[in-house]
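1. Kindly return the folded structure for what I paste below:
(one chain, ligands or ions: 1)
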Amino acid sequence: FGTDITFTPMIIAEGFVQSEAARDNEFQTDEEDGPLIVQFAAKDPVIFSEASLLVYGKCAGVDINCGCPQRWAMEEGYGSHLIKKPELVAEMVSSAKRRITDPDFTISTKIRLLDDLRETVDLCRQIEAAGADFITVHGRTPKQRSEPVDLEAIKIIKESLNIPVIANGDIYTIDDAERVGEITKVDGVMSARGMLENPAMFFGYAKTPRECVKRYIEIAQLKEPRFMTFHHHLVFMLEKSLPKPKRKVFNNLRNKEAVLEFLSEHYFAQDELPRSEGPCS
Ligand SMILES: Cc1cc2nc3c(=O)[nH]c(=O)nc-3n(C[C@H](O)[C@H](O)[C@H](O)COP(=O)(O)O)c2cc1C
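-> Purely as a prediction, here's the structure:
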């Protein structure tokens with residue numbers, strides 16, 4: 001539905017390297033997913049490189065999460081803790097670059113802003129000098145939650161670098177994407193919450209089209225995600241399409257059969273719903 005690149009949720013590199021069970025649990029893909037970036041929570045150059053090698057050949061690139069503000073991640077030295085450690089981030093990038101020399105395989109980072117913009121620019125320049133292929137900037141500091149995204153800061157970062165910069169934060173419509181592009185002159189935009197609510201957003205749809213919901217259900221029939229994952233995605237996607245009382249009922253459904261039955265009764269036209277081919281566990 002019009003997206004050029006997708007990211008996995010962050011995967012903890014250490015567990016991924018150490019355990020085959022973690023790898024099977026955290027990462028499955030197929031050709032239709034591409035181009036796909038696998039994002040790692042990492043704080044060690046060797047482990048990040050090992051993890052990157054394990055997914056090399058199955059994705060277009062790897063990314064280091066330097067933006068997660070959750071307390072557990074910060075305490076473990078992951079996520080936005082890393083924006084205060086430019087040398088370490090640079091070393092992770094350069095060591096992965098040394099291990100994977102394929103020029104088509106990207107190594108990138110996703111950051112939040114530091115309080116001081118000059119320090120943020122310096123961080124980005126060090127990441128660029130280490131060989132990163134692009135940087136995604138969520139235009140907030142780790143402490144900020146619903147404050148407006150600092151587009152001016154993203155613009156200055158973009159002006160200060162030669163590698164592509166992707167802007168992130170509060171993009172819910174194609175108009176938001178275009179506005180951010182015009183103001184910051186970035187090379188691309190990333191959306192998370194907007195994309196969860198409407199995966200067809202970059203095609204210009206104001207809310208998730210039925211075709212997209214149908215496609216998601218077809219994919220879920222094949223891949224059999226856990227029920228919670230299946231249900232959560234549909235809850236997000238249908239938020240703007242179901243009236244509040246129906247949404248309340250839908251959000252409390254407890255199994256796949258009930259979800260499919262609800263959708264055939266209240267959402268899809270007759271015979272539009274894909275056939276059920278086994279339960280989501
Ligand atoms: C449910 C959820 C999961 C997220 N997981 C990640 C993640 O694994 N890695 C990451 O870099 N950011 C993650 N984020 C943050 C988003 O990538 C993004 O930076 C943030 O939500 C702001 O962008 P948005 O306004 O488009 O949502 C997550 C956000 C949400 C809502």
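
2. I'd like to know which elements the helix or strand containing R125 is packed against.
-> Applying DSSP states H and E as the criterion places R125 in helix 117-129. Secondary-structure packing of helix 117-129 (3 or more C-beta pairs under 8 Å, 6 or more residues apart in numbering; DSSP states H and E): helix 86-99, strand 106-112, strand 134-138, helix 151-160. For the C-beta atoms, the positions are set from N, CA and C on the backbone; glycine is no exception.

3. hmm, 7 Å instead?
-> Contact partners of helix 117-129 among helices and strands, from 3 or more C-beta pairs under 7 Å, 6 or more residues apart in numbering; DSSP states H and E: helix 86-99, helix 151-160.

4. Please identify the buried residues of the longest one?
-> For helix 86-99, the buried set under the neighbour-count rule, 16 or more other C-beta atoms under 10 Å, comprises P86, L88, V89, A90, E91, M92, V93, S94, S95, A96, K97, R99.

5. Not counting its neighbours along the chain, what's nearest M195?
-> M201 (6.1 Å; C-beta to C-beta, 6 or more residues apart in numbering).

6. is it true that that neighbour touches R193?
-> No - here M201 lies out of contact with R193, judged by C-beta atoms under 7 Å, at a distance of 10.5 Å.

7. Of the two, which one has the most company?
-> Set side by side, M201 and R193 show more neighbours around M201, with 25 against 12, by other C-beta atoms under 10 Å.

8. And the more buried one, what's its pLDDT?
-> Among the per-residue scores, M201 holds a pLDDT of 97.

9. Contacts only, for it.
-> Listed by C-beta atoms under 7 Å, 6 or more residues apart in numbering, the contact set of M201 reads T173, I174, S191, G194, M195.

10. Restricted to strands, list those.
-> Applying DSSP state E to the contacts of M201, no entry is found in strands.

11. got the phi/psi numbers for Q39?
-> Note on Q39: backbone dihedrals following degrees, to the nearest 10 are phi -100, psi 130.

12. picking up where we left off before, can you tell me which of the helices and strands packed on helix 117-129 comes nearest to N255?
-> N255 sits nearest to helix 86-99 of all the helices and strands packed on helix 117-129, at 41.9 Å, using C-beta to C-beta.

13. That closest one versus helix 117-129: what angle between them?
-> Helix 86-99 and helix 117-129 meet at an angle of 20 degrees, taking axes from the mean of the first three to the mean of the last three C-alpha atoms, to 10 degrees as the criterion.

14. if you average pLDDT over helix 86-99, what comes out?
-> Helix 86-99 comes out at a mean pLDDT of 98.

15. Now do it: distance to the chain's middle.
-> Distance of helix 86-99 from its chain centroid, counting by C-alpha atoms, centre = their mean, to the nearest Å, is 21 Å.

16. and the angle from that helix to strand 106-112?
-> When the same axes, to 10 degrees is applied, the directions of helix 86-99 and strand 106-112 differ by 160 degrees.

17. How about residues contacting helix 86-99?
-> Applying C-beta under 7 Å, 6+ apart, the external contacts of helix 86-99 come out as 42-43, 45-46, 48-49, 52-53, 62, 64, 66, 82, 107, 109, 122-123, 126-127, 129-132.

18. Go again with 6 Å.
-> 45, 48-49, 52-53, 64, 66, 82, 107, 123, 126-127, 130-132 (C-beta atoms under 6 Å, 6 or more residues apart in numbering).

19. between those, which is nearest the ligand?
-> Of all those, the one with the least separation from the ligand (C-beta to the nearest ligand atom) is C66, at 8.3 Å.

20. Name whatever forms a beta bridge with the closest one.
-> I111 (DSSP bridges).

21. May I have the predicted confidence score for it?
-> In this model, C66 carries a pLDDT of 98.

22. residues contacting it?
-> C66 makes contacts with L82, I83, V89, T109, I111, as judged by C-beta under 6 Å, 6+ apart.

23. likewise G2?
-> When contacts are counted by C-beta under 6 Å, 6+ apart, G2 touches F202, F203.
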